[in-house]
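Visitor: Give me a 3D structure for the following:
(2 chains)
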Amino acid sequence: MSERKRVLIVDDDPDFAAGIRAILDTDYDTVMVHNPKDGWEALQKDRYDLLCLDIMMGRGAEGVMMARKIRKDKVLREMPVLIITGLREQIAYLFPGQAVHPGFVAVDELVEKPVEPALLLERVAALIAANEARRAR
Amino acid sequence: MTERRRRILLIDDEEVVLDSCLAILEGSEHDVALASSGAEGLDKARAWAPDLVFVDLKMPGMPGMQVLDVIRSLDPTVVCIVFTGFATIGSAVEAMQLGAYDFLPKPFTPDEFRTMVRRGLEQRALVVERAALRREREALRENFAAIVSHELRSPLAAVQQNLFVTIKELEGVVSEDQQRRLERMSSRIGDLLALVNRWLRGFSIDVAPLKEGFRPVAISAPVANAVESAETEAVRKAVEVVAAVDPAAVVLGDEGALTEALLNVVGNAVKYSREGGRVVVSAVCRDGKVVVSVTDTGVGIPAADLPRIFDAFYRGQAGESGVAGAGIGLALTRRIVEAHGGSIGATSDPGRGSVFVIELPAHMAPVPGLEGAPPEQHSKGETG
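Guide: Predicted coordinates for the structure are as follows:
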């Protein structure tokens, strides 16, 4: 196998982030930070294969601001993003059971908190694979 | 008592009536103002903000009925009582339809008048209190989503996320019994999260923006989705769910929202059914409407509960079914149905079952993609 992929987790709830990290740790090198500012700095310093991003951080939807910044960045927008949010409705007016593609960047997906370990692992792997396939084209 | 003195406004063109009322109220705890015409009465009502208004129905100039109407529109919490002459019950009824609290036929005795004043002021206190409670409820409703979201949901999600991992990590390490208890914990947290999510969806969803995305929806689609979602519970309880839908029944709306609305009703029908019961979902076109009815053979709803089942947080007695919900589903259903210009109602035979009927305006124009599109759309379609 090739080298381990790197995943950055940005979530302002340290307990929740730790729960996510514990699932991903076996298969990935993970870094976790607890606010968008540290997240942005981490992205400037190192290269990541995937970002797990919380939406409701700080005083509101600071995760959305971060996603918008990433979208504007020529390099960073090539990175797949998995949005992990409290409620789908926090992103848009959407109902359960419907496909949700936030469309912030080329490859992204949304899951609701809490997320089943198997589902999380599958989504992370699928997003990284989809992004690699896209870039190979 | 430190309470503010109550204000009573008397409007009557007959000076003798005003004088005698004033004499009766003399020495009472109330402030009294008099007006000898409708126009003067309205001016005083605006400037003085009375608690209770007596108005004569038969006056020259502005008629009492109009005075009553204007005062009620200025402030619906003002209690109005009308004086009627010659036992004109007809106009008294009309006045009460306009919002008068009661009527007092002339001539009346001092005691009759005093009693009416006391009752009127009691009513005023109730109305004011009710308005305050309603404002409180609105404020709670506005802040509720935020409070629940941050204070309740986040910690629950964090606990559950860690339980997920821990249960996986401890597989084979702890005993089967311990493993089962951990899974029960996770399952209970899951129930709690689902409950919080239902509350949140019921409260935070703003149905107004839905309208921007309305498009023709064959009602068969949301009906099928709702029936499918209720299937798990139905199979568990051996409840048969049958759908009979007119394929031509089309409404203008949002499919996801309509699914949610129907799911609440179908889900309830299954929930309140007995083992082996039957739920029938039908949709037909009738008089320009799409009528969806959900009929169950379940425990039914007591007549006393029926008018309130669509109110938020209202939960009937669990009764023989022993199940209870969050009291949000039907309130949300009503909001969604009303956003679609429709209505919802229910009838029930306690012990035998209930029928929920949703009426939506039928969409008459052809559904895009079906044959026979009107020529003004496009003479040649882009799709083959």
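
Visitor: For the rest of this, base every contact and every neighbour count on C-alpha atoms.
Guide: OK.

Visitor: how about the residue nearest the centre of chain A, secondary structure?
Guide: Chain A has A:Cys52 as the residue nearest its centroid, 2.2 Å off, counting by C-alpha atoms, centre = their mean. The three-state label for A:Cys52, taken from DSSP: H, G, I helix; E, B strand; the rest coil, comes out as strand.

Visitor: what residues are up against it?
Guide: The contact partners of A:Cys52, by C-alpha atoms under 8 Å, 6 or more residues apart in numbering or on different chains, come to A:Val7, A:Leu8, A:Ile9, A:Val10, A:Val81, A:Leu82, A:Ile83, A:Ile84.

Visitor: Likewise for B:Val290?
Guide: Applying C-alpha under 8 Å, 6+ apart to B:Val290 gives the contacts B:Ala249, B:Val250, B:Val251, B:Ala283, B:Val284, B:Glu359, B:Leu360, B:Pro361, B:Ala362.

Visitor: change it to 10 Å
Guide: Taking C-alpha atoms under 10 Å, 6 or more residues apart in numbering or on different chains as the criterion, B:Val290 is in contact with B:219, B:246, B:248-251, B:283-284, B:342, B:358-363.

Visitor: Could you do B:Val239 as well?
Guide: Contacts here follow C-alpha under 10 Å, 6+ apart; on that basis B:Val239 touches B:231, B:233, B:269-271, B:273-279, B:296-297.

Visitor: run the last query once more with 7 Å
Guide: B:Val270, B:Glu275, B:Gly276, B:Gly277, B:Arg278 (C-alpha atoms under 7 Å, 6 or more residues apart in numbering or on different chains).

Visitor: can I get these in JSON lines with distance to B:Leu68, secondary structure and neighbour count?
Guide: Compiled in JSON lines, the contacts of B:Val239 are given as follows (distance: C-alpha to C-alpha, whole Å; DSSP: H, G, I helix; E, B strand; the rest coil; neighbours: other C-alpha atoms under 10 Å in any protein chain shown):
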{"residue": "B:Val270", "distance to B:Leu68": "49", "secondary structure": "helix", "neighbour count": "28"}
{"residue": "B:Glu275", "distance to B:Leu68": "56", "secondary structure": "coil", "neighbour count": "16"}
{"residue": "B:Gly276", "distance to B:Leu68": "57", "secondary structure": "coil", "neighbour count": "14"}
{"residue": "B:Gly277", "distance to B:Leu68": "54", "secondary structure": "coil", "neighbour count": "19"}
{"residue": "B:Arg278", "distance to B:Leu68": "53", "secondary structure": "strand", "neighbour count": "20"}
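
Visitor: If you count neighbours, what's buried in the longest helix along chain A?
Guide: Once chain A is assigned using DSSP state H, the helix that runs over the most residues is helix A:117-136. Buried residues in helix A:117-136, defined by neighbour count with 16 or more other C-alpha atoms under 10 Å in any protein chain shown: A:Pro117, A:Leu120, A:Leu121, A:Arg123, A:Val124, A:Ala125, A:Leu127, A:Ile128, A:Ala130, A:Asn131.

Visitor: Near chain B, list only the ones from those residues.
Guide: Intersecting the buried residues of helix A:117-136 with the surroundings of chain B, defined as C-alpha under 7 Å from any C-alpha of the partner chain, gives A:Pro117.

Visitor: ok, and the closest non-adjacent residue to A:Phe16?
Guide: The shortest distance from A:Phe16 to any residue other than its chain neighbours is 4.2 Å, reached at B:Ala158 (C-alpha to C-alpha, 6 or more residues apart in numbering or on different chains).

Visitor: Near chain B, which residues of chain A are found?
Guide: For chain A, the contact set with chain B under C-alpha under 7 Å from any C-alpha comprises A:Asp15, A:Phe16, A:Gly19, A:Ala22, A:Ile23, A:Phe95, A:Lys113, A:Pro114, A:Val115, A:Glu116, A:Pro117.

Visitor: Lowest-confidence entry in these?
Guide: Least confident by pLDDT among the residues of chain A next to chain B: that is A:Phe95, with 34.

Visitor: any weak-confidence spans in the stretch 1-150 of chain B?
Guide: Segments of the stretch 1-150 of chain B classed as low confidence (criterion: pLDDT under 70) are B:1-3, B:86-87, B:141-150.

Visitor: residue ranges of the helices in it, please?
Guide: Assigned helices in the stretch 1-150 of chain B, in chain order: B:15-25, B:38-48, B:64-74, B:89-97, B:110-147 (criterion: DSSP state H, counting those that start in this stretch).

Visitor: Is the last one in proximity to chain A?
Guide: Think helix B:110-147. No. On the criterion C-alpha under 7 Å from any C-alpha, helix B:110-147 is out of touch with chain A, staying 10.3 Å away.

Visitor: Buried ones in that helix, by neighbour count?
Guide: Residues of helix B:110-147 classed as buried under the neighbour-count rule (16+ other C-alpha under 10 Å) are B:Met116, B:Val117, B:Gly120, B:Leu121, B:Gln123, B:Arg124, B:Ala125, B:Val127, B:Val128, B:Phe144, B:Ala145.

Visitor: Export those residues as CSV, with columns for distance to B:Phe83.
Guide: Converted to CSV, the buried residues of helix B:110-147 look like this (distance: C-alpha to C-alpha, whole Å):
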residue, distance to B:Phe83
B:Met116, 11
B:Val117, 12
B:Gly120, 13
B:Leu121, 16
B:Gln123, 17
B:Arg124, 18
B:Ala125, 21
B:Val127, 21
B:Val128, 23
B:Phe144, 45
B:Ala145, 48
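
Visitor: Can you name the two of those residues that sit furthest apart?
Guide: The distance between the two most remote of the buried residues of helix B:110-147 (C-alpha to C-alpha) is 44.2 Å, for B:Met116 and B:Ala145.

Visitor: follow-up on the earlier one: which of the contacts of A:Cys52 tops the neighbour count?
Guide: By neighbour count, taken as other C-alpha atoms under 10 Å in any protein chain shown, the most surrounded of the contacts of A:Cys52 turns out to be A:Val81 (30 neighbours).
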